[in-house]
Each structure stands twice: as structure tokens, then as C-alpha cells.
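1. No sequence on hand, only this structure:
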RNA sequence: GCCCCCGUAGUUCAACGGAUAGAAUAGCUCCCUUCUAAGGAGUAGAUCGAGGUUCGAUUCCUCGCAGGGGUACCA
């Protein structure tokens, strides 16, 4: 709907200017509002008010608007005609689950990879992993809804130091070597070591082998938590060892970099000129011991993604990887993976009864993601995490979360869906309807909220602000509950009942689509 | 030291530079013989501080104050 408003406004403006349209929360400021007069005033060197008056006098002739006004100091507020709103409402009931989705043509269709979670298989998933997990999953859904091809990827660091350390931790746990400070200390390490005692004894000198074996089991555990508990499905679990190292991508990436002259030797090591790409220092590719760094393997990973035909990657990382962003973006650009973006989710602090509980994977002190699912349920946890902007540091009070799980906003949204479904079940569809009968304050407010859905989706697919979608879900549910309390379908005069039923049907689809994209379940009953 | 994120109702979070700063939860008052009260109506409650930029600043800039994270030839 927003697009149509912009289009109508464009006709009244001769200058090439970006037109921003917002949805005011107050009826008196119109269905849609624009500040374009302020911007044009500078260009035309006149007052915003004058410009606004001019534009309004033109668009008043459009049948599309049923009202258009100038408001001080220069806003243009417009009201959409009933006929247009009715048309859009019909469109929702026709498109059903497709409403809000888009089809892209060949030239605009992107093949994107969303890489997220990618936690090292050295233990269970943390809350921060979960935050990134839900975010990546929802972002993938949004991109798909906009007609793009998306792969969800989990990059498994199944080789290198961490795996070694894990192996040593286990061997140390069985008492064959002394325990060191940087070893993994969690209960899960102890448990694994005990249940594999004879295997560990046989391989007590092969840390890497022990680590790899344990990592495999931990990965299985992670997959189980993700797929079964969190309902996050990955299309590909990419192995660093097999898909990158053994496939030769480490070498290929290096060759690419040196061929275009972006590498140099210094102090016995080989460096990449990442400073040319907004990094604050150059980065080592090969250490003076001639071993490739983790960064080079990552660059290889980006190259591999590019070679598999993707135009971009959206990488979701935890706060501890902040220092990594610049060099990763440099690598993305060098391998030609344009449209790449790194999203950092800020920390999740665990709080219990108001005081912070320090979490550390190595020390084995944390609430796992799987535990959270058990405690508060998937839908509640998902919605809760997705409500909050990734930039925001969140305090998570597990006690409060449990208490709140019954009152979690997701149930509010689901309940609206159930109520809508219930009406549809109990009333009959009518063959001819007159939608102009939808004229009460509640009717109109609901229609307006519903037709916002495609606009919200589109904007989220641009800026990945998933929390705007959860916010929309809550608003949409609120508007529906409001409508539900005030207006009836059954028991009304037949014509009104018929029109209202169409509105309820449209609400049902929009609520359903919203929940689906967020990845929350859509219950029939509660 | 340098870099990034953050500071908003009692609490957890919103607010593309826009109009009277929104929700939820906690508090108080009401509303179930009618499509599920996991709901609705009402009430009370907030921008860390000081400057600046402009028609307009929670948002941008500068300086403070408070919190979190990053600053490896580790992964």
C-alpha cells in the first residue's frame, strides 16, 4: 500500500526526490504521512507549507485518496479511499498465505547465504548462540518471502586448535595429563570423558583424534537442539576440514590474493592488505611457522561460497567476534562476494533475581540454549529473542522468563490467530459481499494494519530489522483483539456479517503469515 | 590507550531526523447469559548530564558520566 501512496505522490512532484512515507499512529495525521515538503522546500527555496499546499492541491484530484491535508509545519497527510482499502482486503483473501510475498525477476533475484550459529562443537549451545540462531532463521525466512534463493549454513570448525584443546581437556579429565587453565571444564566434558573411558585411554596421546571424536558427538547434540527443539533447520553443515581445507580452498584463496597483489611478506609471515578495506591493520595469512591462519581458512570459506554461485552472505556473529568484522568484509570483497553483511548480536547477560551470573563455556557455567527451550518453550523463547534489536544488550532473567512464559507476547499474537480461526469456523462465507459496510473505527483500523504487512516485510528484508516484524505482529494482534471485543460477526445483520467475515479471514492470513516468517507455531486452539 | 555497542516508565524492550516518546510486565479501577477473559476499557509512570547542528533531536556531532565487548603470527 505504501508503494501506491509513493506512486501517487510522485505524480504531483516534478523533482527527482526520494519520498518517504510513514504510518502515523494517530488517525488525525492520516493513514499515511510524508515529510517530502520539508525536503522540497530547500530545493525550491520556499517554505514547506507552500510546497505542501501545492502538492495537496494536485493529489486531491486523485480518486485514490479520499482526503488529503496539510498540517503544520508542512506535513502532508493522506487518507486512502475506502474502495482502495477494500480492493487490498480482497487481495489478501485471494493471495492467502502468499500475501506479502514477492516474486523476483531474473535480474533482481539474489542467491544469498545466511551463515549463523556456527558454534564450535566443543560443547552445548549458549543463549547467545540461540539469539543468533533465531535471528538467522528469521532473516532467511524473510529473504525467501521476498523471492530470493537462500541457503542456511552452519560452518563447523572441526579442525585446529579448539579441537586439540577439547581433546586435551578430555584426556586430562581421565587423569593422563595434568589439567591446564585454558581447558574446557564443563560437566559435559567430564560426562563425555567418563562414558568413553577406554577409548580415551587407547588414544591418550592423540589429542586431535579424541577431540574430533568428541566434537562429532557434540555437534550431534547441537543439531538436535537446533532442529528438534528450536525448529531451526540448516541446509548445509559445512565442514572446515572437508569442504575448505581438504577441498583446497585455503590455497585457492591465497593464490587469488597474491595474484592480485594484495599480499606481502614481513617478519617471516605472509600478510593480507586488509587496511585497504577499512581494517585498522593488515592481517596474517600464513604464520612464520608456515601454517595458515584461521582467517585464511575463513577467506577460503568465502571463496567457496562465491564459487558455489552466491552473490552474498549474511553472517551473524556473537559479540566476541567484533574485531573480526573488518577483515571478513575485506575478504568478502576480495573474493567478489558482494552484498555481504555481518550482523553482530550483542551479549545476552544472564541474570538471576537481579544479580548477574557470569557465563563461561570454558568454565562450564551457563544455561544452555536447550535448557531454555525446555524451560520456557520454543515459541516464547523465539519471540522473546526476536523482539529485541541485535544491537541491544539484553538482560535475561531466567526466573522472570519462566514466570513470563505464560504471558509472553507470542501467546497474545497466537491467541488473536486462534480467535480469528474460531470465527471462521463458526460462520459461513457469503458469495456476495459489500465491503463498504466495514466502516466502524475498529473495522478501518484493522484493515489499515493488515495492509501494512507487505510494507513491513519489504523493509525488514532491506535492513534485517527482524524486531520490527515481531513488533508488527504484536500491533496486528492488538488491533485484532480490539476489533474482536467491539465488533461481532455472527449475530449481526447478514450483509454486515458477510463483510466482517472477509475482514476476519484477511486477519487470519496476515497473522498466520507473520508467525510463519518469524518461525513461531500457528496453533488452532489454545 | 584505541575501536565498536549500549544508557528511555519500577522492570524488560520499541521509536527510517518528524507531530502528544510507544508496547509489554508490575500497580490501581472497571468489563464474561453472545464468535475462547491467554481478552478488552480506564488510570498512573521515562529520554544519564552539558553544549552544538536545524523548521524540528531519543535519534546526528563534541565533551563528560555509567555499563558491555573487541583490540594475537589463537581459534
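-> Noted; the coordinates are in hand. Because the structure is predicted, anything quoted here is derived from the model rather than measured.
2. Now for residue A:503: which residues touch it?
-> A:89, A:438, A:443, A:446-447, A:483 (CB atoms under 8 Å, 6 or more residues apart in numbering). (C-beta placed from N, C-alpha, C; glycine too.)
3. what do you get if the cut-off is 7 Å, keeping everything else the same?
-> Residues counted as contacts of residue A:503 (CB atoms under 7 Å, 6 or more residues apart in numbering) are A:89, A:438, A:443, A:446-447.
4. Enumerate the residues of the stretch 1-150 of chain A near RNA strand B.
-> For the stretch 1-150 of chain A, the residues in contact with RNA strand B (CB under 7 Å from any atom of the strand) are A:20-22, A:24-26, A:28-30, A:33, A:35, A:38-39, A:48, A:71, A:73-75, A:77, A:120.
5. The stretch 301-450 of chain A too?
-> Contact residues (CB under 7 Å from any atom of the strand) of the stretch 301-450 of chain A with RNA strand B: A:319-324, A:344, A:346-347, A:349, A:387-389, A:391-395, A:397, A:400, A:404, A:406-407, A:409, A:411-412, A:415, A:418-419, A:422-423, A:426-427.
6. If any of those are buried, give me the ChimeraX selection for them.
-> A single ChimeraX command selects the buried members of these (16 or more other CB atoms under 10 Å):
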select /A:324,344,346,347,349,387,388,394,397,409,411,415,418,419,422,423,427
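7. Point out where the stretch 301-450 of chain A drops to low pLDDT.
-> Applying pLDDT under 70 to the stretch 301-450 of chain A picks out residues A:352-366.
8. residue of it with the smallest distance to RNA strand B?
-> Among all residues of the stretch 301-450 of chain A, residue A:323 sits closest to RNA strand B, at 2.2 Å; criterion: CB to the nearest atom of the strand.
9. Assign a three-state SS to that residue, would you?
-> Under DSSP: H, G, I helix; E, B strand; the rest coil, residue A:323 falls in the helix class.
10. so does the longest helix that chain A contains get close to RNA strand B?
-> Longest helix in chain A by number of residues (criterion: DSSP state H): helix A:494-518. No - using CB under 7 Å from any atom of the strand, helix A:494-518 stays clear of RNA strand B, coming no nearer than 7.6 Å.
11. buried sites along that helix?
-> A:496-515, A:517-518.
12. what's the residue nearest to residue A:287 when sequence neighbours are not counted in contact with, if anything?
-> Nearest residue to residue A:287, sequence neighbours excluded (CB to CB, 6 or more residues apart in numbering): residue A:269, at 5.6 Å. The contact partners of residue A:269, by CB under 7 Å, 6+ apart, come to A:284, A:286-288.
13. burial count for whichever residue of the stretch 51-200 of chain A sits closest to RNA strand B?
-> As assessed by CB to the nearest atom of the strand, RNA strand B sits closest to residue A:160 within the stretch 51-200 of chain A, at 2.9 Å. Neighbourhood size, residue A:160 [other CB atoms under 10 Å]: 19.
14. right, and residue A:297 touches residue A:241 too?
-> No - counting by CB atoms under 7 Å, residue A:297 stays clear of residue A:241, with 9.7 Å between them.
15. who has more neighbours, these two?
-> Applying other CB under 10 Å to residue A:297 and residue A:241 shows that residue A:297 carries more neighbours, namely 21 against 16.
16. quick one: the helix or strand encompassing that one to chain centroid distance?
-> Secondary structure from DSSP states H and E places residue A:297 in helix A:294-307. Distance of helix A:294-307 from its chain centroid, counting by CA atoms, centre = their mean, to the nearest Å, is 23 Å.
17. residues making contact with that helix?
-> For helix A:294-307, contacts defined as CB under 7 Å, 6+ apart pick out A:113, A:155, A:160, A:240, A:243-245, A:247, A:249-250, A:252-254, A:256, A:283, A:285, A:313, A:327-328, A:331-332, A:335-337.
18. tell me the SS of residue A:237?
-> In three-state terms, and counting by three-state DSSP, residue A:237 is strand.
19. Please name the bridge partners of it.
-> residue A:154 (DSSP bridges).
20. how about the residues of the stretch 151-300 of chain A near RNA strand B?
-> Residues of the stretch 151-300 of chain A lying close to RNA strand B (CB under 7 Å from any atom of the strand) are A:157, A:159-162, A:266-269, A:280, A:284, A:287-289, A:291, A:293-295.
21. Now which of the residues you listed would you call buried?
-> Buried subset of those (neighbour count, 16+ other CB under 10 Å): A:157, A:159-160, A:162, A:269, A:284, A:293, A:295.
22. just for chain A, where's the confidence low?
-> Across chain A, the ranges flagged by pLDDT under 70 are A:352-366.
23. Would you map out the domains in it?
-> Using automatic domain parsing, the domains assigned to chain A come out as A:2-80, A:86-105+A:408-518, A:111-156+A:233-344.
24. Turn these into a markdown table, columns for distance to residue A:526.
-> A markdown table is the format used below for these (distance: least, CB to CB, whole Å):
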| stretch | distance to residue A:526 |
| --- | --- |
| domain A:2-80 | 28 |
| domain A:86-105+A:408-518 | 5 |
| domain A:111-156+A:233-344 | 22 |
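25. For residue A:373, find the nearest of the ones you listed.
-> domain A:111-156+A:233-344 (8.3 Å; CB to CB).
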